[in-house]
Every structure is written in C-alpha cells, then in structure tokens.
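Colleague: predicted model and sequence follow; I will ask about them next.
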Amino acid sequence: MVEWLYEADFAVLYPVTIVLITGAAEVGAWIGRRSRSFVDDAPDIGTLTGAALGLLALLLAFSFSLALSRYEARRNWVLEEANAIGSTANFALMLSESEQRPILSLLRSYAAVRSGLEVIYDPAKLARDVARSVELQNQLWQHAVTVTDAAPQSLPAYRFVASLNEMNNIHERRLTALRYHIPGAVMSLLIVVAMVATGFTGYHAGARGSRGRVATFIMSLTIAVVILLVVDLDRPARGLIQVPVQPLIDAQQAILP
C-alpha cells in the first residue's frame, strides 16, 4: 500500500510541513518567553536542543541517502530499459524480413508505453500501462516462438530471444524501483523530530531573551525544505523532481519504421 506521504498532493504537503516545523519553533519561543523567569534551566535546555538537532541531522542524512539512492536506481533502470529495447530492435533486424516489421512495430509501441510509465501520478494509468506492457511482451514472445521454431539453431534468433528476455526482466525491476519508497513511518518520525528540535530551539531562544527570531525562523524553514527535498526525491511522479525518460524516447525514435 502506498504511504500517505506519497499520495498527498505536493501543493498541500509542502505548506503543511513548513507550517508544522516553523510553527513548532514559534510555539517553543512563545513558551520560552513566558518561562523566562526559569533562567537557570536554560543551560539544560541548550543541551537538549543540541541533542535534538544532532538526532535530526542523523535522521536527515540517513533519509536523504536512501531517497537519493532510490532516485538513482529509478534513473538507471530507465537507461537500462532503453538500452535493452534498442538491443532487441537491433537483433530483430537480423531476422527474416517477414518478422522484422511486426516486431519493430511492437517494440516502438512498447517504448512509447514505457516512456509514459509513472510520469504523472495516476494509479489507474499505471495499471493500464503495466497491462499494456505485458500484452506487448506476450505478442513479442509469440513472434520469438515463431522465429525459433522456423530456425532452432539460428544465432540471430538466439540473440534476439536472449535480448527480449532481458528486456522483460528489466520491466519488473523498474516497476519494483517505482513502487518502493522510504517507509512513511520513517518520514513521519523525521517530521516529528524536526518539530521537537525546532521547538527546543525556539524555547531556548525565548528563555534567553534572544531577539534572533528571524534566525530561528530561517533555520526552521531550511529544515522543512530539506525534509521536503527528501520526500520529493522519493516521489517520482508527484513532486517537482522527475525521473527523466528521454532515453526511452530516444530508443523509440531510433527504431526504424
């Protein structure tokens, strides 16, 4: 099941996250100003603030590393799929002319479907694209069976079947990369820890009578933006950061008509 963080529209998720984190800093500062008489507690609050910010930095680094690695995996699988489709088309050119045209036509359609996979967030469209991909794969395999039956010892037929098999394997690998995200519980915990850390920071500033309200707000805003960057990297079809599919478009255009 897709986590709620990946279902929410970024136009709602972004401002809500920013308000929660910056609001925690403001609430902490307000409580700190009202508790200014307990100045002796300020050093302890400073220690707690440092510990909370350190924990937040650790979680941010861990989450950012996971999100970036998953983004790179999605991008790499797009390139691998484009290369597999191109290789299959090249090996198809080595087959008999009667088989070349229908196979190349199917490969062009397959590349077109795969280039639109998860470009926009639409679960129904994704299901249709996956079903269409499987349908095209089955049709290609029917041609592969015909080719191998006609010439069982043919080296071009063997290479074509091997390339087609690799293309099918990449299909499932890319789908897996698209579906796997950082667990929503981890991202929720990250937001909660950020609220606690900025709350302690605001409280410490308020208890000290500091006038660095703008600095605290900027720091809270920066933390919120970094968290949203992590979420954006892990939402290939929902946010501002998209996985480029140009290699698949190039592969489709390179297949001879």
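Modeller: On my side now, so go ahead.

Colleague: low-scoring stretches of the stretch 151-257 of the chain, by residue?
Modeller: 209-212 (pLDDT under 70).

Colleague: helices along that one, start to end?
Modeller: Under the criterion DSSP state H, counting those that start in this stretch, the stretch 151-257 of the chain contains helices at 155-179, 184-208, 213-233, 246-254.

Colleague: of those helices, flag the one that's most buried.
Modeller: Among the helices of the stretch 151-257 of the chain, the stretch with the highest mean neighbour count (mean count of other CB atoms under 10 Å) is helix 184-208, at a mean of 21. From N, CA and C alone the C-beta is placed, and that goes for glycine too.

Colleague: which elements pack onto the biggest helix by length in the chain?
Modeller: The single longest helix within the chain, with elements called by DSSP state H, is helix 42-92. Under the contact definition 3 or more CB pairs under 8 Å, 6 or more residues apart in numbering; DSSP states H and E, helix 42-92 sits against helix 97-115, helix 155-179, helix 184-208, helix 213-233, helix 246-254.

Colleague: same for the first one, what does it pack against?
Modeller: In this case it means helix 97-115. helix 42-92, helix 123-150, helix 246-254.

Colleague: how about that helix: buried residues?
Modeller: 99-100, 103-104, 106-111, 113-115 (16 or more other CB atoms under 10 Å).

Colleague: residues in contact with that helix?
Modeller: The contact list for helix 97-115 (CB atoms under 8 Å, 6 or more residues apart in numbering) reads 81-82, 85, 88-89, 92-93, 95, 129, 132-133, 136-137, 139-140, 143, 146-147, 171, 174, 245, 248-249, 251-252, 255-257.

Colleague: give me that answer again for 6 Å
Modeller: 85, 89, 92, 129, 132-133, 136, 139-140, 143, 147, 245, 248-249, 251-252, 255 (CB atoms under 6 Å, 6 or more residues apart in numbering).

Colleague: and what of the third one?
Modeller: The set of residues external to helix 184-208 that reach it, using CB under 6 Å, 6+ apart, is 3, 5, 20-21, 24-25, 28-29, 31-33, 35-36, 42, 45-46, 48-49, 52-53, 55-56, 59, 63, 212, 216, 220, 223, 227.

Colleague: off-centre distance for it?
Modeller: 25 Å (CA atoms, centre = their mean, to the nearest Å).

Colleague: again, but for the fourth one
Modeller: Centroid displacement of helix 213-233 relative to its chain, using CA atoms, centre = their mean, is 20 Å.

Colleague: with the first one instead?
Modeller: Relative to the chain's own centre, helix 97-115 is displaced by 28 Å; criterion: CA atoms, centre = their mean.

Colleague: angle of that helix against helix 123-150?
Modeller: Inter-element angle recorded for helix 97-115 and helix 123-150: 160 degrees (by axes from the mean of the first three to the mean of the last three CA atoms, to 10 degrees).
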